[in-house]
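> generate a structure from the sequence data that follows.
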Amino acid sequence: MINRTKSGDVELTQINYSDETGPFYYVTIDDTPILPEMPLPWDEAQRKADEEREDAEPGEVVEVVECTDEDLEWAGVKPRR
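Numbers count the residues shown, from 1 in each chain. All right, here's what the predicted structure looks like:
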């Protein structure tokens, strides 16, 4: 679910994975996922990465990385097939 805040920004609060087919992605900062419990669909991962790049410290690397089957299992995600 995507909510719009009072400032007009959007905030992702939950994803109905049974409605999504994947693939899913993590946004990482220096190879560490920032939301490991919430793999993101492509568009949402790109939006989150852009947001994180704006706030990144000099030298920090922000990337979008496709989740592995093990990542999805760890997060408890069972996408629609």
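> do you know how far Ile34 is from Gly22?
19 Å (Cβ to Cβ, to the nearest Å). No exception for glycine: its C-beta is placed from N, CA and C like everyone else's.
> those two: who's more crowded?
Gly22 (16 against 13; other Cβ atoms under 10 Å).
> quick check: buried residues in the lengthiest helix in the chain?
If you go by DSSP state H, the chain has its longest helix at helix 42-55. Residues Glu44, Ala45, Lys48, Ala49, Glu52 are the ones in helix 42-55 that count as buried (16 or more other Cβ atoms under 10 Å).
> quick check: the farthest pair among those residues?
Glu44 and Glu52 (12.4 Å; Cβ to Cβ).
> enumerate the beta-bridge partners assigned to the most centrally placed residue in the chain.
Among the residues of the chain, the one closest to the centroid is Leu40, at 3.5 Å (Cα atoms, centre = their mean). On the basis of DSSP bridges, Leu40 takes part in beta bridges with Tyr25.
> show the pLDDT at it.
With respect to pLDDT, Leu40 scores 91.
> that one reaches Pro23, doesn't it?
No: between Leu40 and Pro23 there is no contact under Cβ atoms under 8 Å: 10.2 Å.
> contacting residues for the nearest residue to Pro33 once chain neighbours are set aside?
In this structure, Pro33 finds its nearest non-sequential neighbour in Tyr26, 4.0 Å apart by Cβ to Cβ, 6 or more residues apart in numbering. Residues in contact with Tyr26 (Cβ atoms under 8 Å, 6 or more residues apart in numbering) are Pro33, Ile34, Leu35, Pro36, Pro39, Leu40, Ala45, Val64, Val65, Cys67, Asp71.
> how close does Tyr26 sit to Ala56?
For Tyr26 relative to Ala56 (Cβ to Cβ), the value is 16 Å.
> can you give me the helices for this structure?
Under DSSP H, the chain gives helices at 42-55, 69-75.
> mind putting those into a markdown table with distance to Ser18?
Output for the helices of the chain, formatted as a markdown table (distance: least, Cβ to Cβ, whole Å):
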| stretch | distance to Ser18 |
| --- | --- |
| helix 42-55 | 16 |
| helix 69-75 | 13 |
